[in-house]
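Q: I would like to see how this sequence folds:
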Amino acid sequence: MQERIKSHAATDRQGAFAKPSRRSFVAGLGIMLGSAGLAAAEPAPPSTITNPPRDFRPGAAPTTYFTDPDVIAVDPAFEAYIVPNSAIRRLWTGALWAEGPAWNAIGRFLIWSDIPNNRQLRWLEEDGHVSTFRAPSNNSNGNSFDWQGRQLSCEHATRRVVRYELDGSATVLADRFEGKPFNSPNDVVQHPDGSYWFTDPPYGGQLYEGLPDEAGGPSNPKGHLNPRLGQPAGTVTARRALPNAVYRIDPSGRIDRILTDEQVPDPNGLCFSPDHRILYICSTGKGPGDTGPGGKGEIYAFDVAEGGGLSNRRLFADCVIDGIKCGPDGLRADVDGNVWASSNAGRAVGYNGVTVWNPAGKLIGRIRLPEVCGNLTFGGPKRNRLFMAASQSLYAVTVNTQGAGPA
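A: Coordinates of the predicted model:
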């Protein structure tokens, strides 16, 4: 606390260091306490390596930096995407694990999942109000809006992909393949041909994020866990029966397995290039009960043919930066074809947040956050605001590009 107060007290309005006085000490204390006195009761999150340390809390004083020091141009090409007087803002905190942000362009709001709390949250653009959007959410993870403005959600507890129709009803798009239940659909996007593409890793089989398997299943081998605890009457439990995979839901309703666990181990986030000719997929770490090869925190790219065929598998990025593995999770592309990936670097302070790769797979930029980032999306009226769902919080920063397609 004292170190933070000294940092604020010793910095003048231009950011230059000066000898602290009693008056500046008191002023610094006022900043730390916040206008309503609430910030003092809220524990500060771990800092990034910004010097002086910045306060990301929603009630904290605005940053005085011109060109946010936590938005980093690794390559000069990224400078064109930085808005100099736009700072990273922590919009809200209070989740157990924030995931699946998606922007509704008509309603001008962002929705995202708080998986362990079994709810979806909504942030309103006009006043920053946050409220519960849907609860229970069946431990939903990834969300997106399709070209018709309908919300798509991947549900861990029910092992399915659903679409919320414009009349308020809900449609189950996929819950089984070859008569077997899915593991835990994770992320979903729509192709302009009307098909939906989603990943199906095993992470929802964890007690924390969904429902463990029935006794004897991969995530409950000893049968000590009771998947019905905390669930409503009539909850249908299941046992994992399918390998990890990526699926395509044809406009006719047919479901095809388009990638296997051997091609992309532990598939997670996915997105298309702006022209929809390339599919990018994250290969994340092993989930509960995995017996396959296991992901290594990499991003793969595939060429997309008409009708959904994939070819030319290649490693797009190994996500190793300065020797640190910045494990990817969620992906989004911008209109220039750059890929923006959330970064999970664990305890490697300064490497959690977002990594940005050009279409050739070269790292051009980074955004540092004080929390592990699980997923991200572009939104705002101009679709030029990057929203980042990071562990317990929601962050945003305005950038000088637009997201490709609906989010």
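
Q: A80 and Y65: what is the separation?
A: Distance, A80 to Y65, by C-beta to C-beta, to the nearest Å: 19 Å. The way it works is simple: take the backbone N, C-alpha and C, and place the C-beta from them, glycine included.

Q: neighbour count winner among the two?
A: Y65 (16 against 12; other C-beta atoms under 10 Å).

Q: who does T199 bridge with?
A: V246 (DSSP bridges).

Q: Wait, it touches S283, no?
A: No - T199 is beyond contact range of S283, at 9.9 Å (criterion: C-beta atoms under 8 Å).

Q: Between these two, which contacts overlap?
A: By C-beta atoms under 8 Å, 6 or more residues apart in numbering, T199 and S283 have these common neighbours: 267-268.

Q: Please name the bridge partners of S283.
A: P267, E298.

Q: count of residues packed around it?
A: By other C-beta under 10 Å, 27 other residues sit near S283.

Q: what do you get for E262?
A: Number of residues near E262 (other C-beta under 10 Å) recorded here: 11.

Q: ok, now which ones touch the nearest residue to it once chain neighbours are set aside?
A: Residue nearest to E262 in three dimensions, not counting chain neighbours: P293, with 6.6 Å by C-beta to C-beta, 6 or more residues apart in numbering. By C-beta under 8 Å, 6+ apart, the residues touching P293 are 261-262, 265.

Q: The stretch 151-300 of the chain: helices as residue ranges?
A: Counting by DSSP state H, counting those that start in this stretch, the stretch 151-300 of the chain forms no helices at all.

Q: in it, which spans are strands?
A: In the stretch 151-300 of the chain, the strands defined using DSSP state E, counting those that start in this stretch lie at 151-155, 160-164, 170-174, 176-177, 180-181, 188-190, 196-200, 245-249, 255-260, 267-272, 278-283, 298-304.

Q: Not counting the next helix or strand along the chain from the last one itself, show me its contacts.
A: Just to be clear, that refers to strand 298-304. Beyond strand 298-304 on the C-terminal side, the first helix or strand identified by DSSP states H and E is strand 310-317. Residues outside strand 310-317 that contact it (C-beta under 8 Å, 6+ apart) are 258-259, 263, 279-280, 298-305, 328, 339, 341, 355, 357, 361, 363.

Q: which of the residues in strand 310-317 are buried?
A: Across strand 310-317, burial judged by 16 or more other C-beta atoms under 10 Å covers 310, 316-317.

Q: what sits against D213?
A: 205, 219-220, 227, 237-240, 289.

Q: where in this protein is pLDDT low?
A: Across the chain, residues meeting the criterion (pLDDT under 70) sit at 1-47, 407.

Q: circling back to that earlier point, and the contacts of strand 310-317, which are buried?
A: 258-259, 263, 279-280, 298-302, 304, 328, 339, 341, 355, 357, 363.

Q: Any idea how far apart the tips of stretch 50-67 sit?
A: 13 Å (C-alpha to C-alpha, to the nearest Å).

Q: Show me how far that stretch is from its chain's centre.
A: Centroid separation for stretch 50-67 versus its chain: 22 Å, with C-alpha atoms, centre = their mean, to the nearest Å.

Q: Show me what counts as buried in it.
A: 50, 52-58, 60-61, 63, 65.

Q: would you turn the contacts of D213 into TSV with distance to N117 and neighbour count?
A: As requested, these are exported to TSV (distance: C-beta to C-beta, whole Å; neighbours: other C-beta atoms under 10 Å):
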residue	distance to N117	neighbour count
G205	18	27
S219	20	25
N220	22	23
P227	18	23
T237	20	18
A238	22	19
R239	25	18
R240	24	26
G289	24	18
